[in-house]
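1. Got a predicted structure here, sequence first:
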Amino acid sequence: WHSMLSNVSSGGRRWIEFGSYSLVSVLQASFAAWLCVTFAPYAAGSGISEIKVVLGGFVIKKLLGGWTLIVKSMGLMLA
């Protein structure tokens with residue numbers, strides 16, 4: 001980044017770096033949310049309440065499925 005922004009003042013460079021960092025963070029969070037909505041709605045949230053329901057004896061289909069694991073893992077990496 002330093003070589004690309006060598007012509008920019010130090011104050012302007014900080015704003016560009018902050019803006020690019022914020023943009024990447026928002027894009028990653030948006031991608032994680034899209035994965036959750038599209039592929040595994042049960043992956044939204046922490047999952048503690050859903051596990052309590054399963055331990056209570058109820059059956060929730062697709063809660064412990066492969067897509068939920070994949071989307072939870074991807075969301076964790078993108079967080």
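-> In hand now; what should we look at?

2. make it CA atoms for all contacts and neighbour counts henceforth
-> Will do.

3. list the buried ones in the lowest-mean-pLDDT helix or strand in the chain?
-> Sorting the helices and strands of the chain by mean pLDDT, DSSP states H and E puts helix 48-55 at the bottom, at a mean of 85. Buried residues in helix 48-55, counted by 16 or more other Cα atoms under 10 Å: E50.

4. Just the C-alphas of that helix, formatted as PDB.
-> The C-alpha trace of helix 48-55 is given here as PDB (Å, rounded to 0.1, in the frame of the first residue of the first chain):
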ATOM      1  CA  ILE A  48     -27.400 -22.100  21.400                       C
ATOM      2  CA  SER A  49     -31.200 -22.000  21.500                       C
ATOM      3  CA  GLU A  50     -31.600 -24.500  18.600                       C
ATOM      4  CA  ILE A  51     -29.300 -26.900  20.400                       C
ATOM      5  CA  LYS A  52     -31.300 -26.600  23.600                       C
ATOM      6  CA  VAL A  53     -34.400 -27.400  21.600                       C
ATOM      7  CA  VAL A  54     -32.800 -30.500  20.100                       C
ATOM      8  CA  LEU A  55     -31.600 -31.600  23.500                       C
END
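
5. Return the distance of that helix from the chain's centre.
-> Helix 48-55 sits 22 Å away from the centroid of its parent chain (Cα atoms, centre = their mean, to the nearest Å).

6. Report the backbone C-alpha coordinates of whichever helix or strand comes after it in PDB.
-> Once the chain leaves helix 48-55, the next helix or strand it forms, by DSSP states H and E, is helix 66-78. The C-alpha trace of helix 66-78 is given here as PDB (Å, rounded to 0.1, in the frame of the first residue of the first chain):
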ATOM      1  CA  GLY A  66     -23.600 -30.300   6.100                       C
ATOM      2  CA  TRP A  67     -24.700 -27.000   4.700                       C
ATOM      3  CA  THR A  68     -25.100 -25.600   8.100                       C
ATOM      4  CA  LEU A  69     -21.600 -26.700   9.100                       C
ATOM      5  CA  ILE A  70     -20.100 -25.300   5.900                       C
ATOM      6  CA  VAL A  71     -21.900 -21.900   6.200                       C
ATOM      7  CA  LYS A  72     -21.100 -21.600   9.900                       C
ATOM      8  CA  SER A  73     -17.500 -22.300   9.200                       C
ATOM      9  CA  MET A  74     -17.300 -19.800   6.300                       C
ATOM     10  CA  GLY A  75     -19.100 -17.200   8.400                       C
ATOM     11  CA  LEU A  76     -16.600 -17.700  11.200                       C
ATOM     12  CA  MET A  77     -13.700 -17.200   8.800                       C
ATOM     13  CA  LEU A  78     -15.300 -14.100   7.300                       C
END
